[in-house]
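test case, fold it:
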Amino acid sequence: PMFDHELSFGEGLWTPDGEWIVLRIASVAPAFGERDVYLFRPADSSFVPLLANPDFREQGPSLSPDGRWLAYGSDETGREEVFVRPFPDVESGKFQVSTEGGRQPIWAHSGRELFYVDPNRGLVTAQVETDDGFRVAGQETLFTIPPEIVILNDATVLVQNFLEVLKQRVPN
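Down below sits the predicted model:
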């Protein structure tokens with residue numbers, strides 16, 4: 001088998017054709033990176049490396065609504081930043097979206113914005129143009145995520161002390 005050691009699977013999303021799942025895989029085996037992104041085809045259990053550099057952590061994959069662009073986080077610059085690559089041919093280009101650190105990218109339904117979290121817990125929106133290649137047209141921090149909201153590495157949101165927070169924010 002391709003993977004004969006312990007793995008954990010993180011974020012996963014279906015490709016628009018419904019044949020593949022873009023999947024983050026974590027491994028402790030030296031032959032694989034700590035976190036990489038693979039394609040998995042359930043029909044025949046095929047695994048294909050997509051972003052699998054053993055020297056860097058690639059995680060948080062997010063496909064654009066039209067399926068043409070893959071956003072993800074990588075620590076290849078020394079800190080986690082958000083990048084976008086053409087999909088499925090990820091080797092045909094790479095564009096850095098965040099400039100001061102970023103993680104957990106998520107596409108807007110319009111495909112014209114990419115949201116991510118910066119190191120100061122700011123929710124950033126990057127306006128992107130994808131008609132003729134890929135270009136970031138502008139960025140804006142929308143708000144700071146409150147401290148009671150915990151965003152886990154797999155993009156799960158956890159509200160600490162939920163009932164107390166709810167009582168504070170919702171009168172009677």
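
pull out the buried positions in the helix or strand hosting Ile106.
Following DSSP states H and E, the helix or strand that holds Ile106 is strand 103-107. Along strand 103-107, the positions that meet the burial threshold by neighbour count (16 or more other C-beta atoms under 10 Å) are 103-105, 107. (C-beta placed from N, C-alpha, C; glycine too.)

hmm, who's touching that strand?
For strand 103-107, the external contacting residues (C-beta atoms under 8 Å, 6 or more residues apart in numbering) are 59-60, 62-65, 69, 71-73, 80, 82, 84, 97, 113-117, 151, 155.

in strands, which of these fall?
Using DSSP state E, the members of the contacts of strand 103-107 that fall in strands are 59-60, 62-63, 69, 71-73, 82, 84, 113-117, 151.

can you list the buried residues of strand 103-107 in a markdown table and add distance to Pro49 and pLDDT?
Converted to a markdown table, these look like this (distance: C-beta to C-beta, whole Å; pLDDT from 0 to 100):
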| residue | distance to Pro49 | pLDDT |
| --- | --- | --- |
| Arg103 | 21 | 93 |
| Gln104 | 22 | 91 |
| Pro105 | 20 | 94 |
| Trp107 | 23 | 94 |
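
quick one, strands of the chain?
Per DSSP E, the chain carries strands over the ranges 7-14, 21-27, 35-41, 46-51, 58-63, 69-74, 81-86, 95-96, 103-107, 113-117, 122-129, 135-144, 149-151, 157-159.

just the mean pLDDT for the shortest one, thanks.
Confidence over strand 95-96 (mean pLDDT, whole number) is 97.

with stretch 145-161 instead?
Averaging pLDDT along stretch 145-161 gives 63.

same deal with stretch 53-73?
Per-residue pLDDT values over stretch 53-73 give a mean of 91.

which parts of that stretch are buried?
For stretch 53-73, burial by neighbour count (16+ other C-beta under 10 Å) applies to 56-64, 69-73.

show me which of those is closest to Gly133.
Nearest to Gly133 among the buried residues of stretch 53-73 is Trp69, at 10.3 Å by C-beta to C-beta.

contacting residues for the closest one?
Residues in contact with Trp69 (C-beta under 8 Å, 6+ apart) are 63, 84-87, 107, 111, 130, 134.

quick one: it from Asp89, how far?
Plainly put, Trp69 is 11 Å away from Asp89 if you go by C-beta to C-beta, to the nearest Å.
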